[in-house]
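*Asks:* Have a look; sequence and predicted model below, questions after that.
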Amino acid sequence: MITAETIDRITRFDGGKLPVVSVYLGLDPDPQDRSSLATRASSLLHEIRPMAKDNSLDRDARLSVRGDIERIELRLTEERPKPGAIAIFSCSGVGFYEEIELPRRVRDRIVVDATAWVRPMLAVLDEYHRSCVLILDKEKARTWELYQGELTETSE
């Protein structure tokens, strides 16, 4: 589940002089779309492959981007049962890797920058509001929270 705390943790990450790779990939419930997941992931990663060989970048930055590409490619070829989207943030040069499932589909994209690109996650987070249900009787109170389509009991 995506939370403001998750976004805050990701935005506070500082890779120093190493770039952060941010990937968003939509996951459709349609089986035809799922079969194209590996192809779409490869297409996105193809956009940044030249950076891994770009001599204008620092050697550590190139190695970090290569590591990010390998790890993300491996992860995105795995089967995903839940529809929605996945956001991945990676900076392998310092061991940073975050993967967040989003409750709805977002546009496929990849961004390499000094900081993680969280704008699509902020947009998704802004669409979902929290609701609380409280049941009281003489002996106890029970509460449930509905957030992003998930109902969880918060206390009894």
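*Replies:* Arrived safely. Residues are numbered from 1 along each chain as shown.
*Asks:* if I pick R66, what's in contact with it?
*Replies:* Shown in contact with R66 (C-beta atoms under 8 Å, 6 or more residues apart in numbering): A52, S92. The C-beta positions use only the backbone N, C-alpha and C, and glycine is treated the same way.
*Asks:* Spell out which helix or strand contains it, please.
*Replies:* In the assignment (DSSP states H and E), R66 maps to helix 59-76.
*Asks:* now that helix: mean pLDDT?
*Replies:* For helix 59-76, mean pLDDT is 92.
*Asks:* helix or strand right after that helix?
*Replies:* Beyond helix 59-76 on the C-terminal side, the first helix or strand identified by DSSP H and E is strand 84-91.
*Asks:* Tell me how far the helix holding R66 lies from the chain's centre.
*Replies:* Computed by C-alpha atoms, centre = their mean, to the nearest Å, the separation of helix 59-76 from the middle of its chain amounts to 16 Å.
*Asks:* Specify the angle between that helix and strand 84-91 in degrees.
*Replies:* Direction vectors for helix 59-76 and strand 84-91, defined by axes from the mean of the first three to the mean of the last three C-alpha atoms, to 10 degrees, enclose an angle of 150 degrees.
*Asks:* buried stuff in helix 59-76?
*Replies:* Of all the residues in helix 59-76, those buried under the rule 16 or more other C-beta atoms under 10 Å are A61, R62, S64, V65, R66, G67, D68, I69, I72, R75, L76.
*Asks:* which stretches of the protein form strands?
*Replies:* Under the criterion DSSP state E, the chain carries strands at the ranges 20-27, 84-91, 96-102, 109-113, 131-136, 141-147, 150-155.
*Asks:* comparing those, which gets the lowest mean pLDDT score?
*Replies:* Set side by side, the strands of the chain differ in mean pLDDT, and strand 150-155 is lowest with a mean of 78.
*Asks:* and that one, how far from the chain's centre?
*Replies:* A distance of 23 Å separates the C-alpha centroid of strand 150-155 from that of its chain, computed with C-alpha atoms, centre = their mean.
*Asks:* cool, and stretch 12-24?
*Replies:* 13 Å.
*Asks:* what about the nearest residue to E153 once chain neighbours are set aside, distance to R130?
*Replies:* With sequence-adjacent residues excluded and distances taken as C-beta to C-beta, 6 or more residues apart in numbering, E153 is closest to W144, at 5.2 Å. Between W144 and R130 the computed distance is 11 Å (C-beta to C-beta, to the nearest Å).
*Asks:* Which of those two has more residues huddled nearby?
*Replies:* It is W144, of W144 and R130, that has more neighbours when counted by other C-beta atoms under 10 Å, with 14 against 8.
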